[in-house]
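A.B. asks: pasting the structure only:
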């Protein structure tokens with residue numbers, strides 16, 4: 001039996017003042033089954049904050065895809 005897994009990706013950028021960060025959370029539950037959320041979070045927010053705020057964490061749990069692997073894309 002094939003292993004069931006979700007792919008979660010994050011990318012983000014801070015605003016001009018550095019007060020907020022725009023984050024995109026993407027979850028791939030299966031081939032061609034992709035969910036995407038774009039959020040504006042306060043600077044200093046964690047990956048966990050983004051997963052909870054977007055609803056991605058709940059989607060993975062409801063789909064029986066816990067624990068999941070996380071990938072973070074972006075520039076420092």
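C.D. replies: That came in fine, so what should we check first? None of these values were measured; they are calculated from a predicted model.
A.B. asks: what about residue 41, helix or strand, and which?
C.D. replies: strand 33-42 (DSSP states H and E).
A.B. asks: got the residue ranges for the helices in this structure?
C.D. replies: Assigned by DSSP state H, the helices in the chain fall at 47-54, 56-62.
A.B. asks: Is it possible to get JSON lines of those that adds mean neighbour count?
C.D. replies: Every residue, glycine included, has its C-beta placed from N, CA and C. Shown next, in JSON lines, are the helices of the chain (neighbours: other Cβ atoms under 10 Å):
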{"stretch": "helix 47-54", "mean neighbour count": "17"}
{"stretch": "helix 56-62", "mean neighbour count": "16"}
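A.B. asks: The ones you listed: which one's closest to residue 26?
C.D. replies: helix 56-62 (8.3 Å; Cβ to Cβ).
A.B. asks: still on that earlier bit, list the neighbouring strands of the strand holding residue 41 plus their orientation.
C.D. replies: strand 20-30 (antiparallel) (DSSP bridges).
A.B. asks: any idea of the angle the partner strand forms with helix 47-54?
C.D. replies: With axes from the mean of the first three to the mean of the last three Cα atoms, to 10 degrees applied, the angle from strand 20-30 to helix 47-54 works out at 70 degrees.
A.B. asks: hang on, the earlier thing: give me the mean pLDDT for the strand holding residue 41.
C.D. replies: On average, the pLDDT along strand 33-42 is 88.
A.B. asks: ok, residues contacting it?
C.D. replies: Residues from elsewhere that reach strand 33-42 (Cβ atoms under 8 Å, 6 or more residues apart in numbering): 19-29, 49-50, 53-56, 59.
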